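J.: Take this sequence and fold it.
(chains A and B)
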Amino acid sequence: MPETETFYEVLRAQGITRRSFLKFCSLTAAALGLGPDYVGQIAYAMETKPRIPVLWMHGLECTCCSESFIRSGHPLAKDVILKMISLDYDDTLMASAGYQAEAILDEIPRKYPGEYILAVEGNPPLNEDGMYCIVGGKPFVEKLKSVAANAKAVIAWGACASWGCVQAAHPNPTAATPIDKVITNKPIIKVPGCPPIAEVMTGVITYMLTFGRVPELDGRGRPLMFYSQRIHDKCYRRPHFDAGEYVESWDDQGAREGYCLYKMGCKGPTTYNACSTVRWNGGVSFPIQSGHGCIGCSEEGFWDNGPFYSRLSDVHGFGIEANADKIGGVVAGVVGAGVAVHAGVSAVMRARNKSHKGDASGSDQSTGKDKGHQGDQQ
Amino acid sequence: MTTTTPNGFVLDNSGRRMVVDPVTRIEGHMRCEVNIDDQKIIRNAVSSGTMWRGLEVILKGRDPRDAWAFCERICGVCTGTHALTSVRAVEDALGITIPENANTIRNMMQATLWVHDHLVHFYHLHALDWVDVVNALKADPKATSALAQSISPWPNASPGYFRDVQNRLIKFVASGQLGPFMNGYWGNPAYKLPPEANLMAVTHYLEALDFQREIVKIHTVFGGKNPHPNWLVGGVASAINLDGPMAAGAPVNMVQLNLVSSIIDRTIEFVDQVYLPDLLAIGSFYKDWLYGGGLSGHNVLAYGDFPDRANDYGPDNLLIPRGAIVNGNLKEVLDVDLRDPAQVQEFVDHSWYRYPDENEGLHPWVGITDPNFKLGPNTKGTKTDIQQLDEDAKYSWIKAPRWRGHAMEVGPLSRFTIGYAKGIAEFKDPVDKVLTDLGLPFAALFSTLGRTAARGLEASWAAHKLRYFHDKLMANLKSGDLSTANIQKWEPSSWPKEAKGVGFAEAPRGALGHWVHIKDERIEAYQAVVPTTWNGSPRDTAGNIGAFEASLLNTPMADPEQPVEILRTLHSFDPCLACSTHIMGPSGEELTKVQVR
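T.: Numbering: from 1, shown residues only, chains lettered A, B, ... in the order given. Next up is the predicted model:
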């Protein structure tokens, strides 16, 4: 590919010094949670690798993944798009339309067979011969399969591409289908969430560009680096959970003091994502910090694991209508039972502490403010 | 063949047919076909929504308190506005009031969305219809600097700054990997900016891409994330703690309020010093290109939004006014009632849905959705390879909503037109100023350029309203009211056995309504009629055409192979197709079930 140039060449051509370049590499390493040993490796990759063509296709979706992607602060979306990759197709941002746009989907796979990345936002509906999502007069699913055929790897952005998301919630009227059910012979990296965190999205891309390989994935196709921990595990409100201090109703004293939202339906204990560590929009906050429980948007079938405001132990059997047959519901139910035991133990511990203090009233069942909470404060 | 529609547009489908599919730089999937005559003028236009997700089908049987989260996923671009409309619909049905602080915070969330959405639309979805990126390579950075400094005090305007951006651009173009600019229509005579204005606009394209990340942090403070912040029936979940114990770990504290305040200041600065001056500068080179008015000079509609005080959704309490103007009569702004079965109705005889009687329109509370993908006899191609649509039959996944039988345009231009007609200074004055500055008559407002200008003016309106609402929030907190949620009717046992409600808002793209029917603590039926359903509607039973189609008529094309003018006018509406195409009725019966795995 003589007409392409490396990331480093582009930077140098713009007057960026080698020193600044190496600083950038070390920041990137830090953003990826990698040690200083990796800085050299990143620098080497940036100096030698050409800008990889990326074709970003949209199926049934809401474009929240694209919107999230452009929120990335490090690296800036601008730098990813203009310097790191060659974003040759993206319906949301591209200048061309109609057949000039369609032509790119033919040209790139022909010009770079086995070398481009296919990024998919949304998913294909299979009912009505695929005509619930039409692009260029044809079913989206057809285009998706054809562009996937020569791709090096496939990224499934968000809950739609990974699991199906909202349009696949019961009764899934269009048969919206996760992409790994229609692309079966390519490595697929699932980056779930509705949407995924911006820096998780750019982190996955940067990792792939840097190391020339797919990041280590769990059994369900998610990068371990971002999806191996539950939100609950690193939640800043976790000490309140352990102490049995819960928000009992919206805007009560516990809500104002940042108590645990488990009783308000928080799905943090069963949701694998990086929200409580990486956090959102430059680290400003994340759902729990802003007072609302996690709705579990990176988990498969989370729409059918609700209602969102019922606590997790209730998930199994509480599910509305036919949702209990969903795998996600069963998994959440099992984990939820564990959580309930965990919560129960915490509550017992707390009651025990209270009896030490001469306050054994217990407050778990109350719906209003829990005066007992005040007594627990040091 | 030439026909005249009941709403007064002349259609001639005898000329050459051009197809634009996909229409890019929009949300979702859309197709447009036009017929052009031998003078290369558009004489017939056919716009088709090409996706359907069935969200309201999915909502049936759910907990109404969850509905906002499902509805929010209707669209991730106008993120939050559907959630707001949903909680309002449920609160309306169940008779739930919200605290003042919750109302003010919701208004801030909505105003934040408006500014963000308008800014990103202008620079990242729309600018390339006016701005020739490649032509910017020819600009003189010194002259660009002089141009920039003559129109704005924005500090990033030195010759060196523009030279740097230009050098990067030169290198980027020279690399041969044009990325998102590949196959663009560069050099098309429809582009009218001098190189310096192109370079300035491209530079601000990049700056705006960086800055938009900041604006949404207001959503992150109050809703925990963006896109798709969290909402709550009965108020907001972000409890406030100013000086009490553990305020540092509270959702909203002094640190977060200061962050919001600082973002508001910077947002006002960016909109007033970058967005608006760019808009005027670009507009001054296109003031002879006044096509694309379509329905806007005739029929416009707004439901209104931004209730100043909590729980009063009457017209006098809405900072964005409610009303309808028909037949171009600006002297009379008609009342709009979303509960009146005779006002908002949807038709489907040109949409891929089935009604028992397709001569009738249905009010959203009694609507029916039954997908029916059928192509007309004059379609060219096959079911799964459509070459040309047959607009005399069904041709879109979008329904055709009508207000008292009229096709209506919605969006910023409609809102400003209604505000102008009502004589409200904060809408009338900026419009008059722009027209005076550009030396254009009032009628010029009803054009593609006018639509784009109104959006910019509205971004400024919303940015300043953010300041107003933040001040208002602080004043209320100072008075000792920290309340953010009303939990009196949180428990379903407190609800009536059956209830109906309607919620409305003004999404960035226009009037948005959600109609909900709750029965036995569950959603019995849910219906959303959204801005792009109005603007992108196909023809109705009587033959009226919608706003997209009307706006394209009589526009000359410089080069029919390059649809710059079509994209420019369609983008001026900021189409959102995922929003527009997912309607169902109260019957909500399960549709075809297919085993996937």
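
J.: Angles on the backbone of residue 297, please.
T.: No chain specified, so I'll use chain A. Note on A:C297: its backbone torsions stand at phi -70, psi -10 [degrees, to the nearest 10].

J.: quick one: contacts for it?
T.: A:159, A:192-194, A:271, A:273, B:228 (Cβ atoms under 8 Å, 6 or more residues apart in numbering or on different chains). All C-beta spots, glycine's among them, are computed from the backbone N, C-alpha and C.

J.: Ok, B:K399 next?
T.: B:K399 sits in contact with B:346-348, B:351, B:353, B:533, B:537, B:583, where contact means Cβ under 8 Å, 6+ apart.

J.: Contact partners for B:L119?
T.: Neighbouring residues of B:L119 by Cβ under 8 Å, 6+ apart: B:208, B:211-212, B:215, B:270-271, B:275, B:459.

J.: In helices, which of these fall?
T.: In helices, defined here by DSSP state H, the members of those are B:208, B:211-212, B:215, B:270, B:459.

J.: Isn't A:R256 up against B:A248?
T.: No - assessed by Cβ atoms under 8 Å, A:R256 is found out of contact with B:A248, at 11.8 Å.

J.: And the two? Which one has more around it.
T.: In this view A:R256 and B:A248 are compared by other Cβ atoms under 10 Å in any protein chain shown, and A:R256 has more residues nearby, 25 against 11.

J.: Now tabulate the contacts of A:C297 in JSON lines and tack on neighbour count.
T.: As requested, the contacts of A:C297 are arranged in JSON lines below (neighbours: other Cβ atoms under 10 Å in any protein chain shown):
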{"residue": "A:A159", "neighbour count": "32"}
{"residue": "A:P192", "neighbour count": "30"}
{"residue": "A:G193", "neighbour count": "28"}
{"residue": "A:C194", "neighbour count": "29"}
{"residue": "A:T271", "neighbour count": "25"}
{"residue": "A:N273", "neighbour count": "25"}
{"residue": "B:H228", "neighbour count": "27"}
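
J.: what kind of secondary structure is B:E33 in?
T.: strand (DSSP: H, G, I helix; E, B strand; the rest coil).

J.: Tell me the bridge partners for it.
T.: Under the criterion DSSP bridges, B:E33 forms beta bridges with B:V19, B:V46.

J.: Tally up the residues packed near it, please.
T.: Neighbouring residues of B:E33 were enumerated by other Cβ under 10 Å; the total is 22.

J.: pLDDT at it, what is it?
T.: For B:E33, the pLDDT comes out at 98.

J.: for the one 3 residues further on, same thing?
T.: At B:I36 the predicted local confidence, pLDDT, stands at 98.

J.: My understanding was that it contacts B:G15; is that so?
T.: Yes - counting by Cβ under 8 Å, B:I36 touches B:G15, with 5.0 Å between them.

J.: shared neighbours, these two?
T.: B:R43.

J.: got the contact list for B:R213?
T.: Residues touching B:R213, when contacts are defined by Cβ under 8 Å, 6+ apart, comprise A:70-73, A:281-282.

J.: at 7 Å what do you get?
T.: When contacts are counted by Cβ atoms under 7 Å, 6 or more residues apart in numbering or on different chains, B:R213 touches A:71, A:73, A:282.

J.: nearest residue to the first one other than its sequence neighbours?
T.: Spatial nearest neighbour of A:R71, chain neighbours left out: A:A198 (4.0 Å); criterion: Cβ to Cβ, 6 or more residues apart in numbering or on different chains.

J.: Report how many residues lie close to that neighbour.
T.: Taking other Cβ under 10 Å as the definition, A:A198 ends up with a neighbour count of 26.

J.: ok, now which ones touch it?
T.: Contacts of A:A198 by Cβ under 7 Å, 6+ apart are A:68-69, A:71-72.

J.: For beta bridges, what are the partners of B:F347?
T.: Judged by DSSP bridges, the bridge partners of B:F347 are B:A400.

J.: who touches it in this structure?
T.: Applying Cβ under 7 Å, 6+ apart, one finds that B:F347 lies in contact with B:361, B:399-400, B:402, B:540-541.

J.: Now the two most distant members of those.
T.: The largest separation in the contacts of B:F347, counting by Cβ to Cβ, is between B:K399 and B:T541 at 11.8 Å.

J.: what helices or strands is whichever strand or helix holds B:T220 leaning on?
T.: With elements delineated by DSSP states H and E, B:T220 resides in helix B:217-223, which encompasses its position. Using 3 or more Cβ pairs under 7 Å, 6 or more residues apart in numbering or on different chains; DSSP states H and E, the elements in contact with helix B:217-223 are helix B:100-120, helix B:254-270.

J.: Go through these and pick out the most buried.
T.: Per-residue neighbour counts averaged over each of those give the maximum for helix B:100-120, namely a mean of 26 (mean count of other Cβ atoms under 10 Å in any protein chain shown).

J.: Look up phi and psi at the closest residue to B:A89 other than its chain neighbours.
T.: Using Cβ to Cβ, 6+ apart and skipping residues adjacent in sequence, the residue nearest B:A89 is B:G503, 3.1 Å away. Backbone torsions of B:G503, given as degrees, to the nearest 10, read phi -120, psi 150.

J.: now B:S483
T.: phi -60, psi 140.

J.: so where do the strands sit in the stretch 401-550 of chain B?
T.: Listed in chain order, the strands of the stretch 401-550 of chain B (DSSP state E, counting those that start in this stretch) span B:498-507, B:510-519, B:522-529.

J.: For B:G450, which of the ones you listed is the nearest?
T.: Of all the strands of the stretch 401-550 of chain B, it is strand B:510-519 that lies closest to B:G450, at 14.9 Å by Cβ to Cβ.

J.: re the thing from before, among the contacts of B:R213, who's most crowded?
T.: The most crowded member of these is A:R71, carrying 26 neighbours; neighbours defined as other Cβ under 10 Å.

J.: quick one: it and A:G268, what's the gap?
T.: Applying Cβ to Cβ, to the nearest Å, one obtains 22 Å for the distance of A:R71 from A:G268.

J.: one step back: by neighbour count, which of the ones in helices among the contacts of B:L119 wins?
T.: Counting neighbours by other Cβ under 10 Å, the one among those with the most is B:A459, which has 28 neighbours.

J.: ok, now how distant is it from A:M84?
T.: 30 Å.

J.: ok now the helix holding B:T220, how far from the chain's centre?
T.: In terms of Cα atoms, centre = their mean, to the nearest Å, the centre of helix B:217-223 is found 21 Å from the chain centre.

J.: which residues are in contact with that helix?
T.: Looking at what lies outside helix B:217-223 - Cβ under 7 Å, 6+ apart - the contacts are A:280-282, A:284-285, A:290, B:80, B:105, B:108-109, B:112, B:226, B:229-231, B:236, B:238, B:252, B:256, B:259-260, B:263.

J.: Nearest spatial neighbour of B:V271, chain-adjacent residues omitted?
T.: Among residues not flanking B:V271 along the chain, B:A463 sits closest, at 4.7 Å (Cβ to Cβ, 6+ apart).
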